[in-house]
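Engineer: sequence and computational prediction follow.
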Amino acid sequence: MIIRLFFSAIFAALAFGIYLNLDNFIYKEKIEPNIDLELREKASKEYIEAQIREALANNRVEEAKEFIELGRSLNYTLDKNLTTAVENQSNSFQKRFNDLKDFATGFIMGEAKNGYSLAGSITSDFTLVGDIRDLYKEGGKYLNNEEYDKFILTLSIIGVGLSVTTITSLGASAPLKVGASVLKIAKRSKFLTKRFSRVLIIKLNRSVDLRILKRVDISSFNSIRRNSKAFINSINLAPIKPILKDVNTLYKQSSLMGSLRVLKYIDNEKELARAVKLSNRYKKQTPVVIKVLGKSALRGAKLVAKKSRYFFWAIGAIITFSLFSLYFLIRLFW
């Protein structure tokens with residue numbers, strides 16, 4: 001009787017012990033989202049053509065072209081009249097005139113409504129005109145204790161400093177300079193989400209010491225230009241550098257306006273990194289891929305629980321030991 005009770009207890013303990021350790025036979029596997037599959041499910045030929053028509057009707061020729069490329073990458077045969085209309089509008093004299101006007105507006109005002117005004121804005125920053133203009137305007141407000149745009153001011157100081165280092169480093173700092181310019185234009189043109197703006201302002205506060213403005217003469221454009229080297233020592237690029245690099249990558253991979261349209265969906269650094277990863281795959285189509293799929297295009301890999309090949313052996317062992325325990329328990333009384 002004692003032996004049967006002993007074996008019953010042993011087998012029960014073994015079964016219970018394996019049961020408690022079942023988690024050890026389950027592992028987590030990262031599953032990356034299948035963007036191609038999701039695109040095919042959502043972006044039908046009819047959907048793509050409807051988006052092209054809408055973009056064309058609203059004079060968003062760049063976006064229309066991106067949807068054409070996306071349709072072709074999905075092996076759709078698009079309406080020839082539609083693609084021809086996009087080409088005609090792209091090559092029209094009126095569009096070329098408007099592009100030139102938009103470039104000039106972007107250069108002078110620093111705002112962006114399309115790729116050409118953005119190109120003008122970035123050109124003005126690269127020639128120091130834009131950064132000096134914004135530093136003079138917002139810096140003057142800061143010194144006079146007036147309400148100022150801290151976001152624009154800190155990026156302008158970074159821009160002035162990077163303009164100097166771009167020259168001395170033979171262009172090595174140019175990608176960071178582009179990233180700073182794109183962010184400044186994105187803020188001014190309302191392409192940044194509130195959440196990402198908060199992330200950026202925290203980084204910028206750690207990157208720039210505004211007290212430099214009380215030690216450097218910024219009373220005129222010429223004085224700012226003369227003292228541009230003085231701003232370098234007030235800048236700590238470490239907090240903001242990864243973001244500037246990622247924004248520059250978006251700019252290079254997609255397009256001028258495309259980078260802004262992508263930023264409309266970004267809420268944090270992880271989503272920015274995923275957008276960059278997406279741009280490595282889809283290049284100039286990236287803005288419309290994100291427009292089609294929304295935030296789901298920016299989600300990370302899922303952790304999926306999977307059972308190892310020993311899991312079912314463990315289940316079998318639990319059943320077997322439980323039956324043996326039950327057997328000896330029954331024999332104990334019969």
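Structural biologist: Right, received. Where do you want to start?
Engineer: where in this structure is pLDDT low?
Structural biologist: 1-33, 90-127, 166-172, 300-334 (pLDDT under 70).
Engineer: show me how it divides into domains.
Structural biologist: As given by automatic domain parsing, the domain ranges for the chain are 2-32+305-333, 43-91, 92-300.
Engineer: sketch out the strands for the stretch 201-334 of the chain, chain order is fine.
Structural biologist: For the stretch 201-334 of the chain, the strands defined by DSSP state E, counting those that start in this stretch cover 302-307.
Engineer: and the strands in the stretch 51-200 of the chain?
Structural biologist: Assigned by DSSP E, counting those that start in this stretch, the stretch 51-200 of the chain shows no strands.
Engineer: could you export stretch 50-66 as CSV, CA atoms only?
Structural biologist: Only the C-alpha atoms of stretch 50-66 are listed here, as CSV (Å, rounded to 0.1, in the frame of the first residue of the first chain):
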residue,chain,number,x,y,z
ALA,A,50,-9.3,57.1,-57.9
GLN,A,51,-6.3,58.4,-55.8
ILE,A,52,-4.6,59.6,-59.0
ARG,A,53,-7.7,61.5,-60.1
GLU,A,54,-8.1,63.1,-56.7
ALA,A,55,-4.4,64.2,-56.6
LEU,A,56,-4.7,65.5,-60.2
ALA,A,57,-7.8,67.5,-59.4
ASN,A,58,-6.1,69.1,-56.5
ASN,A,59,-2.9,69.9,-58.5
ARG,A,60,-0.8,67.4,-56.5
VAL,A,61,1.1,66.1,-59.5
GLU,A,62,3.9,64.7,-57.4
GLU,A,63,1.5,62.5,-55.4
ALA,A,64,-0.3,61.5,-58.6
LYS,A,65,3.1,60.3,-60.0
GLU,A,66,3.8,58.3,-56.8
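Engineer: how about that stretch: buried residues?
Structural biologist: For stretch 50-66, a neighbour-count test (16 or more other Cβ atoms under 10 Å) marks Q51, I52, R53, A55, L56, R60, V61, E62, E63, A64, K65, E66 as buried. To be clear about C-beta, it is placed using only N, CA and C from the backbone, and glycine gets the same treatment.
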